[in-house]
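Asks: Here is a sequence with its predicted model. Questions after.
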Amino acid sequence: MAGRISSTASLHEVLSGQEVSAWAAKFLRPLAADPKDLLHTLRTWVLAEFDPDAAGAQLDVCGRTVRWRVLEAEPLMEKDLITVWPGIFLPTPGGPTSRTLEALSRKRRVARSRMSFSSTPG
């Protein structure tokens, strides 16, 4: 970091810093142009404490749609957003089945391997 952060700085002061803003902008940039507004979905999901049904109610979509959008955001952000919080995406009645989630997990691994292959200097 360019500047030192005071040991008495509030969380708001830390998160409002220029370095954090630059990191967040770079990290979230791939979502900005998505026609499904994945950025808005992810923000709502986080503010709903990672509850896809609560986020869906705020977005006027079902929780299953929120789950799919989060899964779609993962390869764009090159981050695993689901398995870092165990239990959040356990299949629910009417939601994606474990087989569906396994298939999506395979797709994520393939997408990540393609991204890392394409970014390897040749």
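Replies: Great, that's in hand.
Asks: show me where the protein has helices.
Replies: 11-15, 18-32, 38-47, 52-59, 63-77, 98-118 (DSSP state H).
Asks: Among those helices, single out whichever gets nearest to Thr83.
Replies: Thr83 lies closest to helix 98-118 among those, at 8.2 Å (CB to CB). Quick note: C-beta positions are derived from backbone N, CA and C, even for glycine.
Asks: now the helices of the chain in a markdown table, with distance to Thr83 and mean pLDDT?
Replies: Below are the helices of the chain laid out as a markdown table (distance: least, CB to CB, whole Å; pLDDT from 0 to 100):
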| stretch | distance to Thr83 | mean pLDDT |
| --- | --- | --- |
| helix 11-15 | 25 | 77 |
| helix 18-32 | 18 | 84 |
| helix 38-47 | 15 | 91 |
| helix 52-59 | 15 | 94 |
| helix 63-77 | 10 | 89 |
| helix 98-118 | 8 | 58 |
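Asks: Using TSV, lay out those helices together with mean neighbour count.
Replies: Shown next, in TSV, are those (neighbours: other CB atoms under 10 Å):
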stretch	mean neighbour count
helix 11-15	10
helix 18-32	12
helix 38-47	18
helix 52-59	19
helix 63-77	19
helix 98-118	12
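Asks: Could you check how far Asp51 is from Ser21?
Replies: 27 Å (CB to CB, to the nearest Å).
Asks: typo on my end, His40
Replies: In terms of CB to CB, His40 sits 19 Å off from Ser21.
Asks: Next one: the closest residue to Asp80 other than its chain neighbours from Ala54, what distance?
Replies: Nearest non-adjacent residue to Asp80, counting by CB to CB, 6 or more residues apart in numbering: Glu74, 6.2 Å away. Computed as CB to CB, the Glu74 to Ala54 distance reads 20 Å.
Asks: Surely Leu28 and Leu38 touch.
Replies: No: counting by CB atoms under 8 Å, Leu28 sits too far from Leu38 to count as a contact (9.5 Å).
Asks: Gly17: how many residues sit nearby?
Replies: Look at Gly17: counted by other CB atoms under 10 Å, it has 15 neighbours.
Asks: Check what pLDDT it gets.
Replies: Gly17 carries a pLDDT value of 81.
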